[in-house]
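Visitor: A structural model of the following input is requested.
(chains A and B)
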Amino acid sequence: MTDTDHQDIVRKRAMLNDYVLSLLLPGLGHIVRGWWRKGLLFWLFLVIQGGVLYIAVMRGRLAWLAYSASESPSQYWFSTTMLFLFFVILWLWAFFDLRRSIRASDVETFVQGYWQIVSRRFSKDPKGLIGLGIIAIVCYVAIFAPFFAQGNALKMDLVNFLAPPSAQHPLGLDNFGRDVLDRIIFGSRVALGIGGVATLLNMLFGGFLGLIGGYFRGVPDAIIMRILEIVNSIPFLVLVLLIVSLWGAGITTLIVVLGIFGLGPARIIRSEVLSVREEDYILAARAVGAPTLRIILRHVLPNAIASLLVVTTMTIGVNIIVVAGLSFLGFGVRPPIPSWGAMLQQAQEFMRSAWWMAVYPGLCIIITVFGFNILGDSLRDVLDPRLK
Amino acid sequence: MAVVLFGLTLLLFILLKTMPGDPARIMAGLGATPESIEVIRNRLGLYDPLYVQYWRLISGLVNGQLQAMTYHKPVWTVIMERLPATVELGVAAMILALFVSIPAGLLSAIYRNSPLDYGVTTAALMGISIPVFWFALMLMLVFGVILHILPVSGRGATLFGWSFLTVDGLRHLIIPSVALSSVLMALNARLTRASMLEVLRQEYINTARAKGLRERVVLVKHAFRNALAPVVTNIGLQVGTLFAGAVLTETTTAWPGIGRLIYESILRRDQSVVFGLALFMGACYMISYLVVDLLYAYIDPRITYD
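Guide: Sure thing, here's the model as predicted:
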C-alpha cells in the first residue's frame, strides 16, 4: 500500500464522518470542516423551524394533534405538511451542500462561474439580504398562518367590537370584533398567493409574447407591440377595475385578469431578447443548424434570465399593490376572506374611532412590497454581467 | 397612433358589450315597467347589429351627442364638469413631486454612497412601495382627525370651477396632492439619480474637470442640463400613473375628479361614461406620448424626425 493510497483512505473516512454528522444535525458537518458561516446559517434555519414546531405543538395545532381541539384539524394540514417538508429539505440540503463543497474543495478551481460570482456578490449586499429576509418572514407567516394566529380571523366578537389594542389582541379588534392581527396574518396568504401566481402568469404570458416579438421581429412583433400599446394606453388599474367589474370579483378572476393583462414584463423581455439575439453565439448556433426552438430555449432564455429575475421580483410587488388597490375599491377579494386591501376599505369608515384598523394592514403592504422592491433593486446590481 | 386608438375603442366596446346588467333597465330606473324598458331598449338601439351600435357610440362621442345613462346629460358635459378637479390635483402633485424629487435625485447622485444617498434611495424605494390610498388615509388620520389642521375630505370652495383659487380649496387640495405625489416623487427621484450618475460617467464631464473648471460649474453647466432631459421627457409618460393614482386618491379623499367619476360609473354600470372616460384617458396618454417624442427632439438636438 503506497502512501497516497493510505492518505486517500483516511480522507474518505473523515469525509464519511462529516456526512454522518451532517445527517445527525444539519450544519454540523460544515462546522467540523471549518465552514462556520454556512453551518451557522443552517443552525439558524433549524432554530426557526424548531420555533415554529414548538409553537404548533404547544398550541396543539399540528394536524393530528388538533383532533382534540374544538376546530376541525383540516385547516392545519397544509401548514403541518409544509413544516415537515421544510425539515426534510433542510436535512437534504445540508447533506448535499456538504457533499458538493467537499468535492469542490478537492479540485482546485481558478475560474468562477457566473452564478458563483453572483451569489458571492449577493451575500455582501445588505439591500438584497434585507429584502430576502423580509420576504422570508412574510412567506413563513403566510405558510404557517394557522400556527401563529389565535384563531379569531373570522370569529366575531360582537361585544368588544372596535376594542383598542390590548395584551390579548395586540393590534385591536375590527368593527365586527375580529382580531386585526389574525386577519393580517391570514391576509399575507392572499397577498402572496395572488401576487405570486399572477406574476407567474405574467412571466409565462408576457414572456411568450416578448420572446415571439423580440426573436422573430417583423410582422409578429408589430402586431404584439400594437396590442401592448393598446393595453398600456389605459391606466392598468382602470383596465383591471373595468374587467373585474365585468367578470365579478374573486381570487380566481383577480389572478387571471392580472396575469393576462399585466403586460409590463412582455415589453422588457422583448427588449432583452432583441439585444440577446444579435449576439455572436446565437449566430453560431444558427450556423450549425440548431432548430429555432432549441436556440430560444437553450441560448436566448438562459442569457436573458438575469433581467427576467429582476422583472419577476419587481412585478410581484406591483401585483400586490394593485390587488390591495382593487380590494380597497371593493373589486378585489370578497369580504369574509381577510385581505390587507379589503381591511383598509373597512377601516376607512372607522377612521375616527379605530385608527388601528387602518394603520397596521397598510404597514404590512408597505413592508412586503418594499421587500420585493429592494430585493429586485439589489438583484439588478448583482446580476449585471458587466460588473465583475 | 390612429391604429392604437382604434384598437382601444374596439377593446372597450367588446368589454362593455360583455358587461352584465341591462343598460335599458339602468336608464329606466327602479320600478320601471317591462314595456317602458322595452321602449328604452329600442331607443338605445340595443337590437341593432353590433357594428351599428359601435358606430353610434363612436360618432356620438365625436359629435358630443352621446348621453350619459345616469346623469341625463351628454357624456362630454359630465367629463368636462369633473375634469378641472383632476387637472389641478395632477398638476399640483406633479409640481410637488418635481420640486422634491429632482434636487433629491441630483444630490444623491453627486454625493454617491453617502448617508444622504442611502437616505434618498431608501425613501424612494419606500415611496414606490406605499399604496397611495393608504398614504392618503394616513394623512387624513394625522392632519385631519388627530391634529385638526386640514380638512379630511372633499374639495372645498371653488372659484370659476377651480379650487386652488380659494384658500379653503387650497387647504382641501393639500392631502390628495401630497398623497398622489408620493409615487411620482419616488419614481422621479430614482430616475434623476440614475440619469445623473450616467451623465457623470461621460467623458465630457472628465474633459470639463480636466480643463480646470470649478466643480460647481461642471455640475450646473455640464451635468444638470443633460441629466434632466430624460426626466423632463418622462413626465409625459407618467400621465398613466397619474390617472391610476387619481382613481385611488380621489375615491379615498372624496375629490370629485374624473378618477372618482370612472369608479362611480363602473359601480353604476354607466357604460357610456365608462367608455368615454376610458377613451379620454387613453387619448391623453397617447397625446402626451406624442408630445414627449417631439419634446425629445427639441431637448436633444442629436435626435431628428424626418
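Visitor: how about low-confidence regions in the stretch 151-300 of chain A?
Guide: When residues are selected by pLDDT under 70, those of the stretch 151-300 of chain A lie in A:152-153.
Visitor: Can you show me the helices along it?
Guide: With DSSP state H, counting those that start in this stretch, the ranges of helices along the stretch 151-300 of chain A come out as A:180-216, A:218-233, A:236-247, A:251-261, A:264-276, A:280-287, A:292-294.
Visitor: now the third one, how far from the centre of its chain.
Guide: If I follow you right, that is helix A:236-247. In terms of Cα atoms, centre = their mean, to the nearest Å, the gap separating the centre of helix A:236-247 from the centre of its chain is 26 Å.
Visitor: the inter-axis angle of it versus helix A:264-276?
Guide: Relative orientation of helix A:236-247 with respect to helix A:264-276: 130 degrees, computed using axes from the mean of the first three to the mean of the last three Cα atoms, to 10 degrees.
Visitor: OK, contacts around the nearest residue to residue A:214 once chain neighbours are set aside?
Guide: Using Cβ to Cβ, 6 or more residues apart in numbering or on different chains and skipping the chain neighbours, the partner closest in space to residue A:214 is residue A:273 (3.0 Å). C-betas here are computed from N, CA, C, even on glycine. By Cβ atoms under 8 Å, 6 or more residues apart in numbering or on different chains, the contact set of residue A:273 is A:210-211, A:213-215, A:300, A:304.
Visitor: ok, and the most crowded of these?
Guide: Ranked by the number of neighbours (other Cβ atoms under 10 Å in any protein chain shown), the contacts of residue A:273 place residue A:210 first, at 28 neighbours.
Visitor: what about the nearest residue to that one once chain neighbours are set aside, neighbour count?
Guide: The shortest distance from residue A:210 to any residue that is not its chain neighbour, by Cβ to Cβ, 6+ apart, is 3.1 Å, and that residue is residue A:269. Counted with other Cβ under 10 Å, the neighbours of residue A:269 add up to 24.
Visitor: Ok, residue B:260 next?
Guide: When neighbours are counted by other Cβ under 10 Å, residue B:260 registers 22.
Visitor: ok, now residue B:278?
Guide: The burial count assigned to residue B:278 is 27, neighbours taken as other Cβ under 10 Å.
Visitor: Can you name the residues of the stretch 201-306 of chain B sitting close to chain A?
Guide: Taking Cβ under 8 Å from any Cβ of the partner chain as the criterion, the stretch 201-306 of chain B approaches chain A at residues B:240-241, B:243-244, B:247-248, B:251-252, B:262-263, B:266-267, B:274, B:278, B:281-282, B:285-286.
Visitor: hmm, 7 Å instead?
Guide: If contacts are counted using Cβ under 7 Å from any Cβ of the partner chain, the residues of the stretch 201-306 of chain B sitting beside chain A are B:240, B:243-244, B:247-248, B:251, B:262-263, B:266, B:274, B:278, B:281-282, B:285-286.
Visitor: With the stretch 1-150 of chain B instead?
Guide: So the stretch 1-150 of chain B meets chain A at B:3-4, B:7-8, B:11, B:15, B:18-20, B:125-126, B:128-131, B:133-134, B:137-138, B:140-141, B:145 (Cβ under 7 Å from any Cβ).
Visitor: for chain B, what's the longest helix?
Guide: When chain B is scanned for its longest helix (criterion: DSSP state H), the result is helix B:75-110.
Visitor: Chain neighbours aside, what residue packs nearest to residue 277?
Guide: No chain was given, so I picked chain A. Sequence neighbours aside, residue A:215 is the residue nearest to residue A:277 in space, at 5.7 Å (criterion: Cβ to Cβ, 6+ apart).
Visitor: actually chain B
Guide: For residue B:277, the closest residue by Cβ to Cβ, 6+ apart turns out to be residue B:262, at 4.7 Å.
Visitor: so how far is residue A:197 from that neighbour?
Guide: Using Cβ to Cβ, to the nearest Å, one gets 27 Å for the distance from residue B:262 to residue A:197.
Visitor: Can you name the residue of the stretch 51-200 of chain A that approaches chain B most closely?
Guide: residue A:127 (8.8 Å; Cβ to the nearest Cβ).
Visitor: what helix or strand is that residue on?
Guide: Secondary structure assignment for residue A:127, by DSSP states H and E: helix A:126-143.
Visitor: Now do the contacts for residue A:211.
Guide: Residue A:211 sits next to A:269, A:273, A:296 when contact means Cβ atoms under 7 Å, 6 or more residues apart in numbering or on different chains.
Visitor: Can you get me a residue count around residue 247?
Guide: Picking chain A for this. Using other Cβ under 10 Å as the criterion, residue A:247 is surrounded by 16 other residues.
Visitor: think we crossed wires, I meant chain B
Guide: Here the count is done by other Cβ under 10 Å, and residue B:247 has 27 residues near it.
Visitor: What of residue B:213?
Guide: With neighbours defined by other Cβ under 10 Å, the count for residue B:213 comes to 15.
Visitor: Break down chain B into its helices, ranges please.
Guide: Secondary structure of chain B by DSSP H: the helices cover B:2-17, B:23-28, B:34-44, B:50-63, B:75-110, B:115-129, B:132-139, B:167-200, B:203-210, B:215-217, B:225-237, B:239-253, B:258-268, B:271-299.
Visitor: which one of the ones you listed is the most hemmed in?
Guide: helix B:239-253 (a mean of 26; mean count of other Cβ atoms under 10 Å in any protein chain shown).
Visitor: ok, residue A:315 - how many residues close by?
Guide: When neighbours are defined as other Cβ under 10 Å, residue A:315 has 24 of them.
Visitor: same check, this time on the one 10 residues further on
Guide: Applying other Cβ under 10 Å, we find 27 residues neighbouring residue A:325.
Visitor: Could you pull out the buried residues of the helix or strand encompassing it?
Guide: When elements are assigned from DSSP H and E, residue A:325 belongs to helix A:301-328. If you call a residue buried by 16 or more other Cβ atoms under 10 Å in any protein chain shown, then helix A:301-328 has these buried ones: A:301, A:303-304, A:306-328.
Visitor: just stretch A:135-155 next, same as before
Guide: So, applying 16+ other Cβ under 10 Å, buried residues of stretch A:135-155: A:135, A:138, A:140-149, A:152-153.
Visitor: Show the contacting residues for the residue of the stretch 51-200 of chain A closest to chain B.
Guide: Taking Cβ under 7 Å, 6+ apart, we find residue A:127 in contact with A:374, A:377-378.
Visitor: go with 6 Å
Guide: With contacts defined as Cβ atoms under 6 Å, 6 or more residues apart in numbering or on different chains, the neighbours of residue A:127 are A:374, A:378.
Visitor: try residue A:363
Guide: Listed by Cβ under 6 Å, 6+ apart, the contact set of residue A:363 is empty.
Visitor: Could you rerun that using 10 Å?
Guide: With contacts defined as Cβ atoms under 10 Å, 6 or more residues apart in numbering or on different chains, the neighbours of residue A:363 are A:184, A:340, B:130, B:134, B:138.
Visitor: How much space separates the third one from residue A:235?
Guide: The reference is to residue B:130. Residue B:130 sits 18 Å away from residue A:235, going by Cβ to Cβ.
Visitor: Give me the more crowded residue out of those two.
Guide: A count of neighbours by other Cβ under 10 Å puts residue A:235 above the other of residue B:130 and residue A:235, at 25 against 21.
Visitor: That one and chain B, how far apart?
Guide: Residue A:235 is 4 Å from chain B, where distance means Cβ to the nearest Cβ, to the nearest Å.
Visitor: my guess is residue B:95 meets residue B:178, correct?
Guide: No - Residue B:95 lies out of contact with residue B:178 (Cβ atoms under 10 Å); the separation is 11.6 Å.
Visitor: how much space between the closest residue to residue A:191 other than its chain neighbours and residue B:9?
Guide: Among residues not flanking residue A:191 along the chain, residue A:320 sits closest, at 5.2 Å (Cβ to Cβ, 6+ apart). Using Cβ to Cβ, we find residue A:320 at a distance of 32 Å from residue B:9.
Visitor: same check, this time on residue A:181
Guide: Between residue A:181 and residue B:9 the distance, using Cβ to Cβ, works out to 48 Å.
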